[in-house]
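>>> I would like the atomic coordinates for the input below:
(chains A and B)
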Amino acid sequence: MTHQARSPWLVDVDALTRVEGEGGLLVRVEDGKVADVQLRIFEPPRFFEGFLRGRAHTEPPDITARICGICPVAYQMSACAAIEDLGGVTVTPEIMALRRLLYAGEWIESHALHVYLLHAPDFLGYEHGIAMAADHREVVERGLRMKKLGNELMEVVGGRAIHPINVRVGGFYKAPSRGVLRDLLPALGAVRDDAVETVRWVSHFEFPDVEVGCELVALHQPGEYPLMGGRIVSTEGLDIPVQAWPDHFREGHVARSTALHGQRIDGSHYLTGPLARYTLASDRLAPVARAAAEEAGLGPTCRNPFRSIIVRSVELLHAVDEAIRMIEAYQPPAPPSVPVPPTAGEGHGASEAPRGLLYHRYRCDVDGIITEAQIVPPTAQNQPAIEDDLHAVAQAYLDAPHDELVRRCETAVRNHDPCISCATHFLEVEVQR
Amino acid sequence: MTPEGLLVIGVGNTFRRDDGAGAAVADLVAAGGGRGVCADGEPARLVELWSHEADVVVVDASRTGAQPGTVRFLDPHDLATVSPSLRGGHALGVGTAIGLGQSLGRLPGRLLVIAIEGADFGDGEGLSPAVARAVHHVAADLLGA
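Coordinates of the predicted model:
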C-alpha cells in the first residue's frame, strides 16, 4: 500500500509487495534532499538459532530448510558444509556433483520466479505478475515452464520441491538413478532455449544509469562459478577461508528491523548475490551463459542493481546448462552418503543461495549436541547496501511525480530480491517531505 | 467412485491442524477409488495440476468466523482477486491461482471451490471433531456425486 504520508515521511510503503516476507520502506526528505531511508522489516523474528540448541548435529539440514520455501536447498547445503567442516569430513566428488544438481534446481525455480513474476512487472509497468500475464501470456508461460522444471529437478533429487527430504549431513539418503535423471534431459534442453530467450527479453528493458559503490562479496572456487565451497573473496581484495567469516564480518541490531544488519567488521557495507557473483566470476560462467551475457550488453562486471534482472537471467541459463552437464556425466554416489560422526568443536559453512552468500556456524559438544548456532542469510547482509541504493534512487527521482518516485523506490529494493522470511530469521513504501 | 474424470485437489498444510481439511478430503476420495491429490496451494503448481482437466473440485480450509465445520461452495470468479496481501511471496493461495489461470487461459473446464471452516490452525496434526465430520461428508458427497 502506498500513500502520501501524514508524517515526516515523503514515501511510506507500509507493506512492500512482490518480495518474500513482510516489510516496508520509508523515505524522509529535508530541504530538498533525502535525509533518511529505512527498510523496515516487521516479519516476526523466528528464533531458529535458538531452537537449534540442544538438537543433534544431524538435524540442521532438515530444521534450517524450514526457514525458506524458496531457497531451502541453500540452507541444507550451508548446514551440511558447516557440520562436515566440524567433523573434518570431505564428501566424495559424486556426492558433491549431486548436491550441485539439486542446487541448480533451486536456482532455476527461484530465479525464474523473481525474473518473471516479481521483477519484470516493474519494468513493464504492471502492478503484479498476474496482470502482466494477461497481456504477455506466452512470456509468463515461458517463466512458468522454467520454474516447473526447477521444481521437478528438486523433486527428483531432493524428494520434494519444497523443503527437500533426501538431504542428510554427509550426502543423501538415496541417490536417484541415471534413468530418472536422464528423463529430464529433453525438458532441460527446451528450457535452456527458454533461458536464452529470457536473457534477450530482459536485456531490452529500460535501466536507470546507477551503480552500487560498495564492496561485492562472493564465494570463490577455482574453475567454477560460485555455488558451494571455496573461499570468500571480494572486489576489495578480501580472500579468506569460510572459517574466518567472524573475523571479517559482523551482525548488529537496528530498531527498525527484526532482521540483523550485516556489516564488514569495520562497519562498512557490502553486497552479496548475483551482482557480486557475476562481477567476481563472470569468466567462470558456462560458455552459453557467457555468450548470452555478452549479447545482452553486459561487460565482465555489472554494478547496476537494475540490471540485476539480466544477471539473474544469465545465472538462470548457467544453472540450466550446468544441470544438463551434470546429468550427462552423472555417476550415482555409492554409498549416497559418508559418515559424519559427532565431534566437539566449531564448524563453518557457506554456499551461494540465489540471493547471495549464506553463512552457517555451529558449535557442538562431544555427543554432537548443538550448543550454539549462527545463521547469516544474504538478505540480512545486504540490508545496509539496499538502503544505500534506496537513498541514491530516492534522491535521483525526488522531483519525479510521487507515484513514479514510489515505484522507483520499490524497484530499488526488489532489484536485490530480498527474502525477508530468511532475513528474520518485507514490503510497503512511505515518503515524508 | 467420483464421476469419471473428476479431480479433487485438497489444498492445505496437514501440520497446521484444520488447515489439513482439504488434504483429508483428497485422501478420502483417493482411498475411495476416486482421483484425489493434495497440493500446497502454490499458484503455479495449482494451475499446472488443473489446466488440462475438464472437471475439478478444489477443497480448502477457511477461517471466516463461521461455525467450525461449515461447508461453503464458492464461485471461482469471486475468488479470482489479487488483494494486497496476495501480491507478495506469502499468503498466495487458491484465489491467486484462479487469477493466474484466468490470465493464462488455463482454468479447467469446470471448477468448483469448496471451503470447510476450520476451528484450530495451530501447530500439529489432526482435525477438530466438527471439521473431521465435515470432511467425511464432503468426501462422501464427492465420491457419490
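>>> got the residues of the stretch 151-300 of chain A near chain B?
A:151, A:161-162 (Cβ under 8 Å from any Cβ of the partner chain). To be clear about C-beta, it is placed using only N, CA and C from the backbone, and glycine gets the same treatment.
>>> Filter those down to just the ones in strands.
Among those, no member falls in strands (DSSP state E).
>>> Just those residues: which are in helices?
residue A:151 (DSSP state H).
>>> quick check, nearest of the residues of the stretch 151-300 of chain A next to chain B to residue A:66?
The closest of those to residue A:66 turns out to be residue A:162 (Cβ to Cβ; 9.8 Å).
>>> Now do the strands in the stretch 251-400 of chain A.
Under the criterion DSSP state E, counting those that start in this stretch, strands of the stretch 251-400 of chain A are mapped to A:261-264, A:270-271, A:345-353, A:356-364, A:370-376.
>>> of those, which approaches residue A:76 most closely?
Among the strands of the stretch 251-400 of chain A, the nearest to residue A:76 by Cβ to Cβ is strand A:345-353 (9.0 Å).
>>> Other residues contacting that closest one?
Contact partners of strand A:345-353, identified using Cβ atoms under 8 Å, 6 or more residues apart in numbering or on different chains, comprise A:71, A:74-75, A:77-87, A:103, A:218-219, A:226-229, A:232, A:242-243, A:245, A:277, A:357-364, A:372, A:377-378, A:422.
>>> Comparing the strands of the stretch 251-400 of chain A, which comes out most buried?
Among the strands of the stretch 251-400 of chain A, ranked by average contacts under mean count of other Cβ atoms under 10 Å in any protein chain shown, first place goes to strand A:270-271 (a mean of 28).
>>> just to revisit the earlier point, show the buried residues in the contacts of strand A:345-353.
A:71, A:74-75, A:77-87, A:103, A:218-219, A:226-229, A:232, A:242-243, A:245, A:277, A:357-364, A:377-378, A:422 (16 or more other Cβ atoms under 10 Å in any protein chain shown).
>>> so of the residues you listed, which ones are in strands?
Filtering the buried ones among the contacts of strand A:345-353 for strands - DSSP E - leaves A:218-219, A:232, A:357-364.
>>> Which one of the residues you listed is nearest to chain B?
The nearest member of those to chain B, counting by Cβ to the nearest Cβ, is residue A:358 at 17.6 Å.
>>> how about low-confidence regions in chain A?
Along chain A, segments meeting pLDDT under 70 span A:1-22, A:42-45, A:256, A:258, A:420-433.
>>> Chain B now?
Checking chain B against pLDDT under 70 turns up B:1-4, B:80-92, B:145.
>>> how about a cut-off of 90?
For chain B, the stretches with pLDDT under 90 are B:1-5, B:13, B:39-45, B:52, B:62-65, B:74-97, B:99-100, B:102-103, B:123, B:144-145.
>>> centroid residue for it?
Centroid check for chain B by Cα atoms, centre = their mean gives residue B:59 as the closest residue, at 2.3 Å.
>>> Show me what it bridges to in the sheet.
Under DSSP bridges, the beta-bridge partners of residue B:59 are residue B:10, residue B:114.
>>> In contact with the most centrally placed residue in chain A, which residues?
In chain A, the residue lying closest to the centroid (Cα atoms, centre = their mean) is residue A:355, at 1.4 Å. By Cβ under 8 Å, 6+ apart, the contact list for residue A:355 reads A:71, A:110, A:272-273, A:377-379, A:382, A:416-419, A:422.
>>> Then residue A:48?
Residues near residue A:48 by Cβ under 8 Å, 6+ apart: A:63-64, A:66-67, A:373, A:375, A:425.
>>> right, and the pair among the residues you listed with maximum separation?
Maximum pairwise distance among those (Cβ to Cβ): 13.8 Å, between A:66 and A:373.
>>> Does anything pack onto the lengthiest helix in chain B? Which helices or strands?
Longest helix in chain B by number of residues (criterion: DSSP H): helix B:129-144. Contacting helix B:129-144 under the criterion 3 or more Cβ pairs under 8 Å, 6 or more residues apart in numbering or on different chains; DSSP states H and E are the following elements: helix B:21-31, strand B:55-62, strand B:71-74, strand B:110-117.
>>> I'd like to know which elements the second one is packed against.
Contact here means 3+ Cβ pairs under 8 Å, 6+ apart; on that basis strand B:55-62 packs against strand B:7-11, helix B:21-31, helix B:43-50, strand B:110-117, helix B:129-144.
>>> Can I get the fourth one in CSV? Just the C-alpha atoms.
This file holds the C-alpha atoms of strand B:110-117, laid out as CSV (Å, rounded to 0.1, in the frame of the first residue of the first chain):
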residue,chain,number,x,y,z
ARG,B,110,-15.5,-26.7,-14.8
LEU,B,111,-14.1,-25.6,-11.4
LEU,B,112,-15.8,-25.6,-8.0
VAL,B,113,-14.2,-24.5,-4.8
ILE,B,114,-15.4,-25.9,-1.5
ALA,B,115,-14.4,-24.2,1.7
ILE,B,116,-14.5,-26.0,5.1
GLU,B,117,-14.5,-23.7,8.0
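>>> Next, the buried residues of that strand.
Neighbour counts over strand B:110-117 (16+ other Cβ under 10 Å) mark B:111-117 as buried.
>>> got the contact list for residue B:21?
Shown in contact with residue B:21 (Cβ under 8 Å, 6+ apart): B:10, B:12, B:59-61, B:116, B:118, B:127, B:131, B:134-135.
>>> Any of those buried? List them.
Neighbour counting with 16+ other Cβ under 10 Å marks B:10, B:12, B:59-61, B:116, B:118, B:127, B:131, B:134-135 as buried within the contacts of residue B:21.
>>> so what's the backbone phi/psi at residue A:34?
Per-residue torsions, residue A:34: phi -70, psi 120 (degrees, to the nearest 10).
>>> count of residues packed around it?
Using other Cβ atoms under 10 Å in any protein chain shown, residue A:34 has 20 other residues around it.
>>> ok, it - contacts?
Contacts here follow Cβ under 8 Å, 6+ apart; on that basis residue A:34 touches A:27-28, A:391, A:394-395, A:398.
>>> The same query, at a cut-off of 7 Å, please.
When contacts are counted by Cβ atoms under 7 Å, 6 or more residues apart in numbering or on different chains, residue A:34 touches A:27, A:391, A:394-395, A:398.
>>> I'd like to know the beta-bridge partner residues of it.
Beta-bridge partners, per DSSP bridges, of residue A:34: residue A:29.
>>> Repeat that for the one 4 residues further on.
Following DSSP bridges, residue A:38 is listed with bridge partners residue A:26.
>>> Around it, how many other residues sit close by?
18.
>>> if we can go back for a sec, closest to residue A:336 among the residues of the stretch 151-300 of chain A next to chain B?
When those are compared for distance to residue A:336 (Cβ to Cβ), residue A:161 wins out at 19.8 Å.
>>> For the buried ones among the contacts of residue B:21, please prepare a markdown table with the additional fields distance to residue A:132.
As requested, these are exported to a markdown table (distance: Cβ to Cβ, whole Å):
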| residue | distance to residue A:132 |
| --- | --- |
| B:10 | 29 |
| B:12 | 28 |
| B:59 | 29 |
| B:60 | 26 |
| B:61 | 30 |
| B:116 | 33 |
| B:118 | 33 |
| B:127 | 38 |
| B:131 | 37 |
| B:134 | 38 |
| B:135 | 37 |
